[in-house]
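J.: any chance you can model this:
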Amino acid sequence: MLPYLTTAKPVRRIRYIIFLKDVLILALTTFGGPQVHLAMFYDRLVKKRRYLTEEELLELNALGQVLPGPTSTQTITALGFKIGGPNLAYLTVTIWILPAVLIMTAAGIGISYLERHHLSLQFARFIQPMAVGFMIVAGYRIGQKVIQDKVSLALAITAALVGYVFRSPVMTPIVIAIGGLTTALTYEKQERMEKKPLRVQWANFFLWLGVFVLAAGMGAITHALPVRLFENFYRNGSFVFGGGQVLTPMLYNEFVAFKHYLTREEFLSGLGLVQAVPGPVFSFASYIGALSMRDAGVHGQLWGSLVSTVGIFLPGTFLIFFVYRFWEQLKRYRVVRASLGGINAASTGLTAAAAIALFEPMAPHWPSVVVVLVTIGLLLYSKIPPYVLILGGLLAGIVL
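T.: Okay, here's the model as predicted:
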């Protein structure tokens, strides 16, 4: 018994190191938002490494969809928790977001440098149409997995129409909730499982709420820009459902239209650049935070990026830790399991709506349409890695 105990910890440690290495590889190679991330999570974490099954991955993704915050970040954080508990989960989320945060912070500092020297920002002009191509292909691939019957197809189409017509972030949780409730009505098709009483640990929920109240109070009292940035992003991260595509208009309204921390050109340049960066789209907050504190110099920009990054990612982390602790008990209920199919189908439809909304302004400009079509063709019919396509788009923007 003792020899087994002495070898078990090193084996687990090696397994954790291998897992964190996989997380780092994904953090450096996954482009295009949560839908693309899910496809790449499947390839590496399910198909190659078998850390979990395809069904379990879709369950974790659905859990991330119904919680506010960055979906792909919550999905991979929950997986880290599943494999090695809270300590591994904290390491997972740090490694996952770090490359994107560093790149977008450098981009914010670089943009302010270019503006001070009156240099052009047009080098990123091909990236946004490429990002639309990525979203279309991601929606198609994920749709192939989650749309399995007429009900899920109808939900996806309805979600796409509603998401396109009503472009308010308020509609996202409503559409996802209706999708889940629709398939929850078919719970009798699910296999019965032994139910256990729910044991809810409230610590992380009260931690989320406490930080929320404290940040709002400190922001109102001090009026210090770093504190207000943390509060702004913590609030956005606490109430945004649906990932980076939904977060973007919220950030534009707050930091460009209302507070004027960024110009429209700066915001759109960052939006294009974040599509070229691997990892979570929520790293856009790091860029906005850096530019918001440009008047304080490079040191101030680094500080602005840090508080904005922590603010946007912290609430989602608190909430996934809170819910995941009783998720295994919760999903034993047939109604809960049945609702996941509708949640995934509705999410696929919302992805389609976001892709259409982003493509619409580009439609009159044939070069952008060509870039979208070429990107779709290369993703579907070639083996060129996504990051090579993105780097090619940046290089074309610089040369042309």
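
J.: what about the host helix or strand of Thr75, distance to the chain center?
T.: Assigned by DSSP states H and E, Thr75 belongs to helix 71-116. In terms of Cα atoms, centre = their mean, to the nearest Å, the gap separating the centre of helix 71-116 from the centre of its chain is 10 Å.

J.: flag every buried residue along stretch 359-376.
T.: Phe359, Met362, Ser368, Val371, Val372, Thr375, Ile376 (16 or more other Cβ atoms under 10 Å). Where you see a C-beta, it was placed from the backbone N, CA and C, and this is true even at glycine.

J.: in helices, which of those residues appear?
T.: Phe359, Ser368, Val371, Val372, Thr375, Ile376 (DSSP state H).

J.: just checking, what packs against the helix holding Thr75?
T.: Here helix 71-116 touches helix 2-29, helix 34-41, helix 54-66, helix 264-275, helix 284-292, helix 297-324, going by 3 or more Cβ pairs under 8 Å, 6 or more residues apart in numbering; DSSP states H and E.

J.: just checking, what packs against the second one?
T.: Think helix 34-41. helix 2-29, helix 54-66, helix 71-116, helix 127-146, helix 334-359.

J.: same list (these) but as JSON lines, adding distance to Leu306.
T.: Formatted as JSON lines, the helices and strands packed on helix 34-41 follow (distance: least, Cβ to Cβ, whole Å):
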{"stretch": "helix 2-29", "distance to Leu306": "18"}
{"stretch": "helix 54-66", "distance to Leu306": "24"}
{"stretch": "helix 71-116", "distance to Leu306": "8"}
{"stretch": "helix 127-146", "distance to Leu306": "25"}
{"stretch": "helix 334-359", "distance to Leu306": "29"}
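
J.: so which of the ones you listed is the most packed in?
T.: Mean neighbour counts were compared across these using mean count of other Cβ atoms under 10 Å; the top stretch is helix 334-359, at a mean of 24.

J.: helices and strands around that one, which ones?
T.: Looks like helix 334-359 contacts helix 34-41, helix 54-66, helix 127-146, helix 150-165, helix 171-184, helix 244-251 (3+ Cβ pairs under 8 Å, 6+ apart).

J.: of all the helices and strands packed on helix 34-41, which lies closest to Val211?
T.: helix 71-116 (15.9 Å; Cβ to Cβ).

J.: okay, the angle between that closest one and helix 284-292?
T.: Put simply, helix 71-116 runs at 30 degrees to helix 284-292, going by axes from the mean of the first three to the mean of the last three Cα atoms, to 10 degrees.

J.: where does the stretch 251-400 of the chain dip in pLDDT?
T.: Low-confidence regions of the stretch 251-400 of the chain, defined by pLDDT under 70, span residues 331, 387.

J.: who's in contact with Leu229?
T.: Gly289, Ser292, Met293, Gly304, Val307, Ser308, Gly311 (Cβ atoms under 8 Å, 6 or more residues apart in numbering).

J.: how about these, which pair is most distant?
T.: Met293 and Gly311 (13.3 Å).

J.: distance-wise, check Leu153 relative to Ala184.
T.: Distance from Leu153 to Ala184, counting by Cβ to Cβ, to the nearest Å: 18 Å.

J.: which residue packs closest to the residue nearest in space to the middle of the chain, ignoring adjacent ones?
T.: The geometric centre of the chain, computed from its C-alpha atoms, lies nearest to Pro70 (Cα atoms, centre = their mean), at 3.8 Å. Nearest residue to Pro70, sequence neighbours excluded (Cβ to Cβ, 6 or more residues apart in numbering): Phe282, at 4.3 Å.

J.: tell me, how many residues neighbour that neighbour?
T.: Phe282 sits with 30 neighbouring residues when counted by other Cβ atoms under 10 Å.

J.: SS state for it?
T.: helix (DSSP: H, G, I helix; E, B strand; the rest coil).
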